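>>> Provided below are the primary sequence and the corresponding predicted coordinates.
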Amino acid sequence: MNKYRMILVVLLAAVLALLPMLLRRDDLINLAFMVLLYICLGQSWNMLSGFAGQTNLGHSAFFGIGALVTRWLWATLELPVMLAMILGGLAAAAFAMVIGVPTFRLRGAYFAIGMLALGEMMHAVIAQVLPFNDTLPVQLIAGYSLAMRYYVALILTIIILGFSTWLLRKPISLGLFAVREDEDAARASGVNPLYHKLFALALSSFFGGVTGGLYAYHQVSYYPQSVFGGNWTLDALLITYIGGLGTVIGPVVGSLFFVALRELFSSIFASFNLVVFGALFIVIVLAFPGGLVELLRKFQRGR
Amino acid sequence: MNFETLLQTLVFGFFVGSLYGVAAIGLSLVFGVMKILNVAHGELMMLAGYVSYFVFSLFGIDPFVSILISIPVLFCVGLLLDRLVYRRIHLLTGEAKIKNSLLVSFGLSLILQALAIQFFTADERAIQASYSGYSLTLGGIILPYTRLISLFIIFGVISLLHWFLQRTITGKAIRAAAEDAEAANLAGINIQRFYMLTLALSAALSGLAGSLVIIGYGITPTVGVVWLLRGLIVVVLAGTGSIFGTFSAGILLGLVEAISSTLFGAASREIVGLVMFLVVLVLRPQGLFGKKG
């Protein structure tokens, strides 16, 4: 079993590493990039909302801050892009720590709508402060390479998934689960809920910010307010729930499914993919809280 | 800025605030009685706006008369949504129920938005009736007729709702279910049935609100979140349980927005309510929607 799995992982790594050469078409490489971006987005959301159970409806704020900071450091100050992305993530995490203490006084659904308001507020503020389109400088456009974007996305995806796997083997993840399942019981057994929630928020906002940086690195031109759009929160939520909340593989499955379905429907019925996702999401919340991953596992066991 | 301009701004703030109030009463009714946070409420308003729009543009029915169509249509939509979706959450309790209702209605709002973009296009729609441009002028203050009629209708409907909940047997059953679902059930009240009615009533209120929005303002497929956030802010400010309290909080929000947009520019309009919302939410966690959750 282990040997079989090793071969599979090596094969997968080889295919992923050679993908730009194999695909050769820009639109397909771009799709692969989008899948990776959504995996990172979903997994970063999952760290707070899945592992620690704090449904965050304002994740777009972290994504947006990471994108703006990365873009500024990389395109204007000409820092190396990887460094700029890390700093973008740190900026998002710093913002998260400032708002984390007051917003975590809210529990469950109240935290969710508090964050929704915060995300919308950031969106409105940025739309007012930075209303103009942001296009890359000419020399950066001249050297634009899509394959390069793909590799950065691949590295980030491997880091995020590797980190999540590692995290789930550490004792602190048990604390996160305890807070998720029952905050009062966790407190009674000596787990500090605020500390654990802030820890998860820091990770989630950091990786959310880095993912925003990845998007800023990929886009030739965008409106600053677009990276603060509620769609980034919504997509993260759909991908994670549909794949499997609180698992490492969930956002991967969800993201593949999300991008594939979107492509499939885009030519026939533009917004139909959202109807399907919405319906699937409702069914999953009501009947299969484990998502597609859980369904597949059940199917395997049944066989 | 002179006194007259300020007064005019406040008057318009009052008119828009009355709509925030109606949007919030629908949200608050469902939250107070069923402990369901229906974030698709804004999309129901959007739907009602389109009902009025199409009834007006296809059959030339007066927008205020079209409320008589949009309210029953939305009432039926509410019944349908309860049967199809919300009924499955009724059995949950406490925190899990609120959270699941939030998620499920989030999915619903996504579906409704996508369908509206597909079938109604993303263009903004508004209704221009023959009397839309006319207004009453009182001491230099302009009072558009459409807004005055809207306000009159709103007062009528919420007074009717108040009477219904306080005086009729059905209303009393709904309030009993809100107070203690289990005890109400033991007393022979069919909880499921009254929950269904409550959701339908809330949807009917969104029908009224949506039709009035398209007369005075305008509707796009994505307008729902704007009205939802206003409604949530008002519900947080007012707590649940009092219709007129919620309505007053709606007016308050409208006035605060109007004042802040004259003081700090139109941009602050979007932000001031959200700041108020977060402050109240953080200073009064748990205690916000009336009782301790």
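Great, that's in hand.
>>> Can you show me the strands along the chain?
As the question left the chain open, I've gone with chain A. A:134-135, A:221-222 (DSSP state E).
>>> was after chain B, sorry
Counting by DSSP E, the strands of chain B are B:135-138, B:141-144.
>>> Mind listing residues that contact the last one?
Among residues not part of strand B:141-144, those counted as contacts by CB atoms under 8 Å, 6 or more residues apart in numbering or on different chains are B:4, B:7-8, B:11, B:132, B:134-137, B:216. For the C-beta atoms, the positions are set from N, CA and C on the backbone; glycine is no exception.
>>> which one among those gets closest to chain A?
residue B:216 (21.8 Å; CB to the nearest CB).
>>> Show me what from the stretch 1-150 of chain B comes close to chain A.
Listed as neighbours of chain A in the stretch 1-150 of chain B under the rule CB under 8 Å from any CB of the partner chain: B:37, B:85, B:88-89, B:95, B:98-100, B:102-104, B:106-108, B:110-111, B:113-115, B:117-118.
>>> ok, 6 Å please
Residues of the stretch 1-150 of chain B found near chain A, taking CB under 6 Å from any CB of the partner chain as the criterion, are B:37, B:88, B:95, B:98-99, B:102-104, B:107, B:110-111, B:114, B:117-118.
>>> can the strands of chain B go into JSON lines with extra columns for distance to residue B:69?
Formatted as JSON lines, these follow (distance: least, CB to CB, whole Å):
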{"stretch": "strand B:135-138", "distance to residue B:69": "26"}
{"stretch": "strand B:141-144", "distance to residue B:69": "23"}
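>>> which of those is buried the deepest?
Highest mean neighbour count of these: strand B:141-144, a mean of 15 (counted as mean count of other CB atoms under 10 Å in any protein chain shown).
>>> Name every strand pairing with it and say which way it goes.
The strands beside strand B:141-144 in its sheet (DSSP bridges) come out as strand B:135-138 (antiparallel).
>>> which residues in chain A form helices?
Assignment of helices within chain A using DSSP state H yields the ranges A:2-23, A:26-46, A:59-71, A:81-103, A:109-129, A:138-142, A:146-168, A:171-181, A:183-188, A:193-218, A:230-243, A:250-266, A:272-287, A:291-302.
>>> Throw those into CSV and include mean pLDDT, thanks.
CSV is the format used below for the helices of chain A (pLDDT from 0 to 100):
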stretch, mean pLDDT
helix A:2-23, 83
helix A:26-46, 94
helix A:59-71, 96
helix A:81-103, 93
helix A:109-129, 88
helix A:138-142, 81
helix A:146-168, 93
helix A:171-181, 92
helix A:183-188, 90
helix A:193-218, 95
helix A:230-243, 92
helix A:250-266, 90
helix A:272-287, 88
helix A:291-302, 82
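>>> Just give the nearest non-adjacent residue to residue 199, would you?
Let's take chain A. Leaving aside its sequence neighbours, residue A:199 sits nearest to residue A:172 (CB to CB, 6 or more residues apart in numbering or on different chains; 6.9 Å).
>>> ah, no, chain B please
residue B:82 (4.4 Å).
>>> Tell me which residue lies nearest the centroid of chain A.
Closest residue to the average C-alpha location of chain A: residue A:41 at 1.2 Å, with CA atoms, centre = their mean.
>>> Distance check, it against chain B.
Distance of residue A:41 to chain B, given as CB to the nearest CB, to the nearest Å: 17 Å.
>>> which residues touch residue 271?
The chain I'm using is chain A. Shown in contact with residue A:271 (CB atoms under 6 Å, 6 or more residues apart in numbering or on different chains): B:114, B:117-118.
>>> You answered for a different chain; I wanted chain B.
By CB under 6 Å, 6+ apart, the contact set of residue B:271 is A:121, A:124.
>>> same deal with residue B:257?
By CB under 6 Å, 6+ apart, the residues touching residue B:257 are B:269, B:272.
>>> Quick check, pLDDT for it.
Listed pLDDT for residue B:257 reads 92.
>>> which outside residues touch stretch B:167-177?
Identification of contacts with stretch B:167-177 by CB under 6 Å, 6+ apart yields B:33, B:164-165, B:184, B:189, B:191, B:194, B:198.
>>> Identify the residues contacting residue 251.
With no chain named, the answer covers chain A. Residue A:251 sits next to A:39, A:42-43, A:46, A:239-240, A:243 when contact means CB under 6 Å, 6+ apart.
>>> oops, chain B please
Contacts of residue B:251 (CB under 6 Å, 6+ apart): B:14, B:17.
>>> Give me the distance between residue A:233 and chain B.
Distance from residue A:233 to chain B, by CB to the nearest CB: 10 Å.
>>> Residue A:59 now?
For residue A:59, the distance to chain B (CB to the nearest CB) stands at 13 Å.
>>> Give me the nearest residue to that residue, chain neighbours excluded.
residue A:233 (4.5 Å).
>>> Next, count neighbours for that neighbour.
27 (other CB atoms under 10 Å in any protein chain shown).
>>> Near residue B:244, how many other residues are there?
13.
>>> Let me know the pLDDT of it.
Model confidence at residue B:244 (pLDDT) stands at 88.
>>> which non-adjacent residue is nearest it?
Closest to residue B:244 by CB to CB, 6+ apart is residue B:162, at 7.0 Å.
>>> I figured the one you found hits residue B:245, correct?
No: Residue B:162 lies out of contact with residue B:245 (CB atoms under 6 Å); the separation is 11.0 Å.
>>> ok, back up a step: figure out which of the helices of chain A is closest to residue B:280.
helix A:109-129 (10.2 Å; CB to CB).
>>> Sort out which residues of that closest one are buried, please.
A:109-127 (16 or more other CB atoms under 10 Å in any protein chain shown).
>>> what subset of the residues you listed is also close to chain B?
Within the buried residues of helix A:109-129, those near chain B by CB under 6 Å from any CB are A:109, A:112, A:114, A:117, A:121, A:124.
>>> Mind picking the two most distant members of the residues you listed?
The distance between the two most remote of these (CB to CB) is 22.5 Å, for A:109 and A:124.
>>> What's the per-residue pLDDT of the closest residue to residue B:224 other than its chain neighbours here?
Nearest non-adjacent residue to residue B:224, counting by CB to CB, 6+ apart: residue B:42, 3.0 Å away. Residue B:42 is assigned 94 on the pLDDT scale.
>>> burial measure for residue B:42, as a count.
Neighbours of residue B:42 under the rule other CB under 10 Å: 28.
>>> Now for it: which residues touch it?
Counting by CB under 6 Å, 6+ apart, residue B:42 makes contact with B:224-225, B:227-228.
>>> So which of the helices of chain A is the most surrounded?
The highest mean neighbour count among the helices of chain A, using mean count of other CB under 10 Å, belongs to helix A:59-71: a mean of 29.
>>> Nice, that's everything, thank you.
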